[in-house]
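Novice: structure here, sequence nowhere to be found:
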């Protein structure tokens with residue numbers, strides 16, 4: 001096995017210099033943290049962990065890829081009481097893939113704690129299996145909103161003694177798709193519960209939730225003075241629709257890609273583009289919401305493990321998915337709004353690694369391009385004839401400060 005190293009940006013390394021040992025965590029939890037390759041807390045973890053351990057509500061704004069999962073999982077697992085055989089914590093996430101990823105991380109971190117039971121439950125899986133699993137002891141549930149609400153209403157998931165509820169990607173969870181479900185779930189929790197919100201963007205839906213009765217004097221953390229992710233160089237190529245595949249082929253031949261994610265705006269275009277890329281002779285997977293869950297899980301797992309260099313997908317894949325080998329994101333279809341753009345390009349540059357975002361722009365997209373530049377106060381430049389590799393490829397001897405060593409055979 002050989003390690004892949006990546007160039008890094010400075011925004012996730014500017015910490016206060018704290019150590020995980022400073023938080024008086026259980027020795028067994030520290031063992032799990034260090035075995036994950038997490039050497040020191042990131043800025044969001046430095047801000048979050050002590051406050052979460054104190055029991056106070058948190059409203060945190062932090063960039064994608066800066067260690068948000070660890071910011072809430074570490075205090076959550078520290079506070080689990082193994083003598084109590086009921087659900088003590090819930091993590092709400094908007095997608096099945098993110099639920100699986102967070103559950104895997106929490107299982108790894110907690111493996112020395114001596115019996116923390118973590119369960120992931122999402123739509124698209126067998127409900128009966130979940131019901132049987134909840135017959136046994138479960139301490140932590142990581143769930144998508146619809147499925148956990150179903151289990152709560154059936155009386156199977158008893159959440160009245162939950163002490164901590166986390167909302168990861170809170171902007172999505174509080175959007176019209178989920179907000180009614182979220183409020184319904186909260187109504188089943190006890191009065192003494194703690195709520196932690198983490199989000200890269202704070203749209204009106206999150207601001208409304210801030211002033212609701214759900215949060216009690218939340219501690220506010222804002223590590224995003226600017227919205228656009230540092231460390232990600234953004235370019236656009238002005239093309240016609242018919243030129244897009246040719247342009248993509250040129251990019252593949254000229255860029256030094258560890259792994260790339262290519263976004264389309266519809267499931268049909270995802271499949272068509274994946275077929276074209278394969279015909280051009282490049283390895284390619286694709287994933288979208290209309291695929292069977294079992295197949296989606298396999299594609300996600302195999303891509304994460306480096307079995308394929310390129311992944312074509314819809315916005316299903318923009319939420320919190322942490323694959324550190326991705327150093328190039330290509331918007332084959334340009335997104336309609338700034339929030340989607342921000343989450344898409346955040347798939348590269350994970351945890352401070354430098355990345356490249358390239359946007360294929362047609363004449364119809366030029367107004368969206370200007371609007372997104374204005375909203376994010378960023379500059380998306382025309383693509384140059386050659387791109388400096390130091391912007392997105394590690395130089396010899398670069399060793400990033402990151403929280404998960406990514407390996408590929």
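Specialist: Alright, I've got the coordinates. Just so it is clear, the model here is predicted, and its values are computed rather than measured. Numbering: from 1, shown residues only.
Novice: and stretch 100-109, what's its mean pLDDT?
Specialist: Stretch 100-109 shows a mean pLDDT of 94.
Novice: show me what counts as buried in that stretch.
Specialist: 100, 101, 102, 103, 105, 106, 107, 109 (16 or more other C-beta atoms under 10 Å). In short, each C-beta sits where N, CA and C put it, glycine included.
Novice: who touches the third one in this structure?
Specialist: If a contact means C-beta atoms under 8 Å, 6 or more residues apart in numbering, then residue 102 has 69, 73, 91, 93, 120, 142, 168, 320 as its contacts.
Novice: narrow the residues you listed to those in strands?
Specialist: 91, 120, 142, 168 (DSSP state E).
Novice: which stretches of this protein aren't confidently modelled?
Specialist: Scanning the chain for pLDDT under 70 picks out 1-16, 63-64, 224-230, 317-322, 347-353, 394-409.
Novice: and the strands in the stretch 251-400 of the chain?
Specialist: Assigned by DSSP state E, counting those that start in this stretch, the stretch 251-400 of the chain shows strands spanning 259-263, 284-287, 310-313, 326-331, 355-361, 381-382.
Novice: any idea how far residue 97 is from residue 290?
Specialist: 14 Å (C-beta to C-beta, to the nearest Å).
Novice: more crowded one of the two?
Specialist: More crowded of residue 290 and residue 97, by other C-beta atoms under 10 Å: residue 97, with 23 against 11.
Novice: before we move on, back to that, okay, the buried residues of stretch 100-109 in JSON lines with secondary structure and distance to residue 371 next?
Specialist: As requested, these are exported to JSON lines (DSSP: H, G, I helix; E, B strand; the rest coil; distance: C-beta to C-beta, whole Å):
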{"residue": "100", "secondary structure": "helix", "distance to residue 371": "34"}
{"residue": "101", "secondary structure": "helix", "distance to residue 371": "31"}
{"residue": "102", "secondary structure": "helix", "distance to residue 371": "33"}
{"residue": "103", "secondary structure": "helix", "distance to residue 371": "37"}
{"residue": "105", "secondary structure": "helix", "distance to residue 371": "35"}
{"residue": "106", "secondary structure": "helix", "distance to residue 371": "38"}
{"residue": "107", "secondary structure": "helix", "distance to residue 371": "42"}
{"residue": "109", "secondary structure": "helix", "distance to residue 371": "40"}
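Novice: what's the first-to-last distance across stretch 123-132?
Specialist: With C-alpha to C-alpha, to the nearest Å as the measure, stretch 123-132 spans 16 Å from end to end.
Novice: show me which positions of it end up buried.
Specialist: 123, 125, 130.
Novice: isn't the second one up against residue 292?
Specialist: By that I understand residue 125. No. Assessed by C-beta atoms under 8 Å, residue 125 is found out of contact with residue 292, at 10.9 Å.
Novice: what are the structural domain limits within the protein?
Specialist: 42-222, 232-408 (automatic domain parsing).
Novice: off-centre distance for the longest one?
Specialist: What it means is domain 42-222. Put simply, domain 42-222 sits 14 Å off its chain's centre (C-alpha atoms, centre = their mean, to the nearest Å).
Novice: how long is it end to end?
Specialist: Span of domain 42-222 from end to end, C-alpha to C-alpha: 14 Å.
Novice: ok, stretch 78-85 next?
Specialist: 16 Å.
Novice: then stretch 84-93?
Specialist: Rule used - C-alpha to C-alpha; the end-to-end distance of stretch 84-93 is 25 Å.
Novice: show me which positions of that stretch end up buried.
Specialist: Buried, per 16+ other C-beta under 10 Å, within stretch 84-93: 87, 88, 89, 90, 91, 92, 93.
Novice: which residues touch the closest residue to residue 163 other than its chain neighbours?
Specialist: In space, and not counting its chain neighbours, residue 163 is closest to residue 88: 5.5 Å by C-beta to C-beta, 6 or more residues apart in numbering. With contacts taken as C-beta under 8 Å, 6+ apart, residue 88 has the following neighbours: 79, 80, 81, 139, 140, 161, 162, 163, 164.
Novice: show me the helices in this protein, by range?
Specialist: Using DSSP state H, the helices of the chain run over residues 27-35, 43-54, 68-79, 96-109, 127-133, 145-153, 170-173, 179-187, 204-210, 244-254, 267-279, 293-304, 338-345, 366-376.
Novice: now those helices as TSV including distance to residue 193?
Specialist: Shown next, in TSV, are those (distance: least, C-beta to C-beta, whole Å):
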stretch	distance to residue 193
helix 27-35	22
helix 43-54	13
helix 68-79	12
helix 96-109	19
helix 127-133	22
helix 145-153	14
helix 170-173	16
helix 179-187	8
helix 204-210	15
helix 244-254	48
helix 267-279	37
helix 293-304	30
helix 338-345	28
helix 366-376	34
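Novice: what's the closest of those helices to residue 218?
Specialist: helix 204-210 (7.0 Å; C-beta to C-beta).
Novice: contacts for that closest one?
Specialist: 59, 170, 171, 174, 175, 176, 179, 197, 199, 215, 218.
Novice: kindly recompute the last result at 7 Å.
Specialist: 59, 170, 171, 174, 175, 179, 199 (C-beta atoms under 7 Å, 6 or more residues apart in numbering).
Novice: with stretch 143-151 instead?
Specialist: So stretch 143-151 is contacted by 90, 92-96, 99, 121-123, 130, 134, 141, 157, 173, 178, 181-182, 184-185 (C-beta under 7 Å, 6+ apart).
Novice: please identify the buried residues of it?
Specialist: Result for stretch 143-151 [16+ other C-beta under 10 Å]: buried residues 143, 144, 145, 147, 148, 149, 150, 151.
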